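[1] sharing a model prediction with you, sequence too.
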Amino acid sequence: MDPEGRRDLPNEDQELLLRHLGIDDPVAWENAWKVTGVVETTSHIWPDGARSDWLWSLGLPILTEVQRHQGQRWLMGLSALPGCGKTSFGRWLEAAAAHLGLSLQVVSIDDFYFSATELDRSMRGNPWGVPRALPGSHELDLLNTTIQCWKAGKDVRHPLFDKALRQGRGDRSGWRICSADVLVLEGWFVGIKPVGDNVSVPETTCGLTPPLTDQEQAARRLVQRALRNYIPVWNQIDSLWQLLTLEWTSPQIWKLQQEQQMKRDRGTGLSPAALHGFIRMISSAIPEQSFRRIEADVCLEVDPERRLRHLRVRS
């Protein structure tokens, strides 16, 4: 990444974000970050082609919020569809925080997938044939208890999940200690709530070919019921940031790129048929309207090339 490279986000959007964070002088704010050395020290962590907006309009603003909550247990949520770049961004966040001496740790909701046997049972029969990722594939009692104990000031252990195991179906691969002041919980449907008891689940989705089958529509309704069980987790989030796709076809492109990268890095991944099912699941399991209704404190809109195009904050 070139920190001085072109920025796509409008200046007025950047100023709105900084005002939301209590920053009145954007130039002084940027200069203060430059003298820390974190910009140069961590620039190699960003993936090739990453735009400078990810640094100035996402990374450093989040670290600005992290600075304010040192010494207390503060849970941040980061919601973004698969392949958007949130995993790479999480690695940068942890490295940048370590450079600055900030107490921060990134945890993926994916780390709380059930272990292999229960995971397979929970995903059995879904019309997309996916081995994980659907609401209902996570050990929510463990996730809730872990967050509650951590917020109470205790050091906790959370599981780690390796997606490359079992020929790309994934399995737990160990445990990690969490004692950080600020925890960032990231995931593709973090913050998503059911459409509501008095609202029917849409039976179509934008740009999906062929259209939803009867089996997919039935699975969609099951997903809505599963999402109710995640609300206690979402209610513990103190600040929620969202990367929202501008085009509903973007996750299909991003997930394909992500899987290709895993095969280059790890030599394994999903089969072509499984990858096709995964991509269709992303496009159809949760109505796209639900992603636009997330109650995010900060929402950044992302185009298919992962450029940040627009920003809004919750008043």
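    Here it is on my side, so go on. Residues are numbered from 1 along each chain as shown.
[2] just the pLDDT for residue 246.
    On pLDDT, residue 246 comes in at 89.
[3] residues in contact with it?
    Going by CB atoms under 8 Å, 6 or more residues apart in numbering, residue 246 touches 301, 302, 303, 304, 309, 310. All C-beta spots, glycine's among them, are computed from the backbone N, C-alpha and C.
[4] apply 10 Å and report the result again.
    301, 302, 303, 304, 307, 309, 310 (CB atoms under 10 Å, 6 or more residues apart in numbering).
[5] again with residue 32
    23, 25, 60, 64.
[6] so what does the first one have for phi and psi?
    Pointing back at residue 23 there. Dihedral pair for residue 23: phi -100, psi 120, per degrees, to the nearest 10.
[7] over to the second one?
    Dihedral angles of residue 25 (phi, psi; degrees, to the nearest 10) stand at phi -120, psi 90.
[8] number of residues surrounding it?
    10 (other CB atoms under 10 Å).
[9] equivalent analysis for residue 166, please.
    Residue 166 has 14 nearby residues by other CB under 10 Å.
[10] isn't it right up against residue 113?
    No: if you go by CB atoms under 10 Å, residue 166 and residue 113 don't touch, sitting 11.7 Å apart.
[11] coming back round to it: inside helices: which ones of the contacts of residue 246?
    Among those, no member is found in helices (DSSP state H).
[12] on contacts alone, who are the packing partners of the lowest-mean-pLDDT helix or strand in the chain?
    Lowest by mean pLDDT, DSSP states H and E among the helices and strands of the chain is helix 250-266, with a mean of 75. Secondary-structure packing of helix 250-266 (3 or more CB pairs under 10 Å, 6 or more residues apart in numbering; DSSP states H and E): helix 86-100, helix 272-284.
[13] ok, and what's touching that helix?
    Under CB under 10 Å, 6+ apart, the answer for helix 250-266 is 47, 80-85, 87-88, 162-165, 168, 188, 207-208, 245, 247, 268-270, 272, 274-276, 278-283, 288, 291, 302-306.
[14] rerun that using 6 Å as the cut-off
    81, 82, 83, 84, 164, 269, 270, 275, 279, 282, 304 (CB atoms under 6 Å, 6 or more residues apart in numbering).
[15] for the stretch 101-250 of the chain, give me the ranges with low pLDDT.
    197-204, 206-207 (pLDDT under 70).
[16] follow-up on the earlier one: neighbour-wise, which of the contacts of residue 32 leads?
    residue 60 (20 neighbours).
[17] so how many other residues sit close to the nearest residue to that residue once chain neighbours are set aside?
    Distances taken as CB to CB, 6 or more residues apart in numbering place residue 33 nearest to residue 60, at 5.3 Å, with adjacent residues excluded. Residue 33 is flanked by 20 other residues according to other CB under 10 Å.
[18] distance from the chain centre to the host helix or strand of residue 33, please.
    Residue 33 is part of helix 26-34 when elements are defined by DSSP states H and E. Between the centre of helix 26-34 and the centre of its host chain there is 27 Å, according to CA atoms, centre = their mean, to the nearest Å.
[19] repeat that for stretch 296-310.
    Centroid separation for stretch 296-310 versus its chain: 13 Å, with CA atoms, centre = their mean.
[20] what residues sit buried inside that stretch?
    Under the neighbour-count criterion of 16 or more other CB atoms under 10 Å, stretch 296-310 has 296, 297, 298, 299, 300, 301, 302, 306, 307, 308, 309 buried.
[21] out of the residues you listed, which is nearest to residue 239?
    Nearest to residue 239 out of the buried residues of stretch 296-310 is residue 297 (CB to CB; 5.2 Å).
[22] measure that closest one to residue 241 for me?
    Separation of residue 297 from residue 241 (CB to CB, to the nearest Å) stands at 7 Å.
[23] repeat for residue 50
    Taken as CB to CB, the span from residue 50 to residue 241 is 17 Å.
[24] again, but for residue 286
    On the measure of CB to CB, residue 286 and residue 241 end up 19 Å apart.
[25] again, but for residue 163
    Taken as CB to CB, the span from residue 163 to residue 241 is 23 Å.
[26] what about those two, which has more around it?
    Each of residue 163 and residue 241 has its neighbours counted (other CB under 10 Å); residue 241 has more, 25 against 22.
[27] host element of the more buried one?
    Assigned by DSSP H and E, residue 241 falls in strand 239-245.
[28] which helices and strands sit right next to that strand?
    Here strand 239-245 touches strand 74-80, strand 298-302, going by 3 or more CB pairs under 6 Å, 6 or more residues apart in numbering; DSSP states H and E.
[29] among the contacts of residue 246, which two are most distant?
    304 and 310 (14.3 Å).
[30] surely residue 84 and residue 243 touch.
    Yes: here residue 84 lies in contact with residue 243, judged by CB atoms under 6 Å, at a distance of 5.3 Å.
[31] and the helices in the stretch 101-250 of the chain?
    With helices called from DSSP state H, counting those that start in this stretch, the stretch 101-250 of the chain shows them at 116-123, 140-151, 214-228, 231-234, 250-266.
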